[in-house]
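Engineer: The following block contains a protein sequence and its predicted model.
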Amino acid sequence: MRREKGKPLPLGVSVGKDSVNFAIEVPEGKECRLLLYKKGEREASVIFEMPEEDGVGSVRFLSLFDFAYSEYEYNYLIDEEVCVDPYARSLAGTEEFGRKWELQEHEVRAGIYEDHYDWEGDLPPCIPANEVVAYSLHVRGFTKHSSSKVAHKGTFRGVIEKIPYLLELGINQIHLMPVYEFEQLGKYVNYWGYGPGFYFAPKRAYAASDNPASELKDMVRECHKAGIEVILEMPFEGGTSRILMEECLRWYMMEYHVDGFILNPDVTPTDGSYADPLLSKMKLFHHQAGFQNVMRRFLKGDEGMIEEVIYWLRRPAGAEGMYNYIAGHNGFTLNDLVSYDAKHNEANGENNQDGPDYNYSWNCGAEGPSRKRAVVALRAGQMRNAFMLVLLAQGIPCILAGDEFGNTQKGNNNVYCQDNPVGWLDWSRLEKNRALHEFVKEMIALRRSHPALRQKEELRGMDQISCGVPDVSYHGEYAWQTPSEISSRQLGVYYCGIAAKDTDCFVAYNMHWVEHSFALPALGKGKKWYLTADSKTGVLEDPEVLKNQREAVLEERTIALFIGK
């Protein structure tokens, strides 16, 4: 091989027709050397000096010709510290999940990436925001448990094997926790993947083969064939350069065909990303716990919640990068939300001091697992209520993987270090909680069949098409009167069907521990109200016409959907 001057941009390694260019940012005054290793070896076989005077600004660079790059891996030696290229497209030596890397021992090395992937004409699904039903998962934890019954547990291929399950449930968008090479920090396993990482390199431990880049592409391609979008969580570490972040997002968009990202707005402002012409049409989200906290409090019967509930029920799909969830990775699963008053994180080894203290949970009368029939029945009803709160709101609904069959973390609300059955999905619960799974599947289908429940534009509470009825209105014991008392724990929401080219829909929420009556708005001539679903009996195969067309009585802690036709 022979060395030439090279070029300072792009940063990282770029393979040309006749040469390979290396460029890295190095602090002023530090020495830099390029280390080349024969593949799989931990001793550099070739070393090139990269003197500061040959650089431009703070970038050192060189090009190599007649270089059999497919036979090599590389690192940099900056002063006396072995450094992995932050722009590395792949890493070697990271096959074992949860192992702390010894960089000084040359244990981890960067690979030289070249693309030969056949996308088979892949095109993004481009699903409108109001049509999305999302599902949040951890690639390893999703299928690592023995009960998952997939051939490639804990990998991108394992996700592919579960695509038929996702389709049956009604999912058309998946949110993936970090899938890049993240570091292990301190004495605990970094299971979730937050913290420092090599953002351009798909995680080798998530691959069944030695080619994680190809397997991630396989997963995206197969999801797209099934009509499922893929959203990557990219929580860049604070202090990461904006140039690197934007370059990374472009890389995953163009190289991996992903459909969007979940960003930390404190580190990567979404408005800046939207300003990038290449990213302007990507789906950019961020975590926002407003919906979660309000609906959790409403679910357990807190007073004074009606005004905030109305606000979050009305938020349109995709507004300000938000999506609606009642349980996420950070906090209780849905099953644990209705089973524990307090967190139980003792297994994390931090004296139960870690994890959020305020969860707005309610254990329904017993802490943890219970055999009391009343407690079990109440918890089952509360989980159905929670799903109805998410799926009958106007925004993008997002389900935490496993909530649809009552997955539990045994009261641990911060499983960041639990790479074990506590943090993995226990698929055996699917059979135990088949009724809940069927309810969720049917509710997703019901949402999809009613445009009034997933409208494109923001509802304004006005008659915008001169049909005589506002697009949305709020009711209580008396029609057209929003419950305003601080003690109110019930609300009726009427969606005008004409405006949405649908039947009229009325959702009655009774989160009180006593029954309440709801006044039903009068329908047009010849129309009647029908009960379609409620959290006590589930989704009705044939909607039942109400005997009393002026009033509906709901039992305690019940949500019901009525359609007018």
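Structural biologist: Cool, got the structure. Numbering: from 1, shown residues only.
Engineer: how many neighbours does residue 288 have?
Structural biologist: By other Cβ atoms under 10 Å, 16 other residues sit near residue 288. C-betas here are computed from N, CA, C, even on glycine.
Engineer: what's residue 51 in contact with, if anything?
Structural biologist: Taking Cβ atoms under 8 Å, 6 or more residues apart in numbering, we find residue 51 in contact with 32, 60.
Engineer: One more: the one 4 residues further on?
Structural biologist: Under the criterion of Cβ under 8 Å, 6+ apart, the contact list for residue 55 reads 8, 26, 61.
Engineer: and these, which of them are in strands?
Structural biologist: residue 61 (DSSP state E).
Engineer: Name the nearest of the contacts of residue 55 relative to residue 215.
Structural biologist: Distance to residue 215 across the contacts of residue 55 (Cβ to Cβ) is lowest for residue 61, with 31.1 Å.
Engineer: Quick check: the closest one touching residue 7?
Structural biologist: Yes - between residue 61 and residue 7 a contact is recorded at 6.2 Å, counting by Cβ atoms under 8 Å.
Engineer: So for the two, which residue has more residues nearby?
Structural biologist: Neighbours per residue (other Cβ under 10 Å) separate residue 61 from residue 7, with residue 61 holding more: 19 against 16.
Engineer: what's the spacing between that one and residue 26?
Structural biologist: 10 Å (Cβ to Cβ, to the nearest Å).
Engineer: which neighbours do those two share?
Structural biologist: Shared contacts of residue 61 and residue 26 (Cβ under 8 Å, 6+ apart): 50, 55.
Engineer: Quick one: the strands in the stretch 451-565 of the chain, in order.
Structural biologist: Ranges of strands in the stretch 451-565 of the chain, per DSSP state E, counting those that start in this stretch, are 472-475, 490-495, 504-510, 516-519, 529-534, 538-545, 551-554, 558-564.
Engineer: Over to the stretch 101-250 of the chain?
Structural biologist: 109-111, 134-137, 173-176, 180-182, 197-202, 229-234.
Engineer: wait, which of these is closest to residue 532?
Structural biologist: Closest to residue 532 of the strands of the stretch 101-250 of the chain is strand 134-137 (Cβ to Cβ; 23.4 Å).
Engineer: what helix or strand does residue 413 sit in?
Structural biologist: Per DSSP states H and E: residue 413 is located in neither a helix nor a strand.
Engineer: my read: it touches residue 352, true?
Structural biologist: No - using Cβ under 8 Å, residue 413 is not in contact with residue 352, being 10.2 Å away.
Engineer: which neighbours do these two share?
Structural biologist: Joint contacts of residue 413 and residue 352 (Cβ under 8 Å, 6+ apart) are 343, 345.
Engineer: of these two, who's got more company?
Structural biologist: Higher neighbour count among residue 413 and residue 352: residue 413, with 25 against 16, using other Cβ under 10 Å.
Engineer: so who does the residue lying closest to residue 226 once chain neighbours are set aside touch?
Structural biologist: Spatial nearest neighbour of residue 226, excluding adjacent residues (Cβ to Cβ, 6 or more residues apart in numbering): residue 163 at 5.1 Å. Contacts for residue 163 were tallied using Cβ under 8 Å, 6+ apart; they are 222-223, 226, 228.
Engineer: any idea which of these has the most stuff around it?
Structural biologist: residue 223 (25 neighbours).
Engineer: what bridges to the nearest residue in space to residue 234 that is not next to it in sequence?
Structural biologist: Nearest residue to residue 234 in three dimensions, chain neighbours excluded: residue 261, at 4.9 Å (Cβ to Cβ, 6+ apart). Per DSSP bridges, the residues bridged to residue 261 are residue 232, residue 284.
Engineer: check contacts around residue 261.
Structural biologist: Contacts of residue 261 (Cβ under 8 Å, 6+ apart): 231-234, 249, 252, 273, 282-285.
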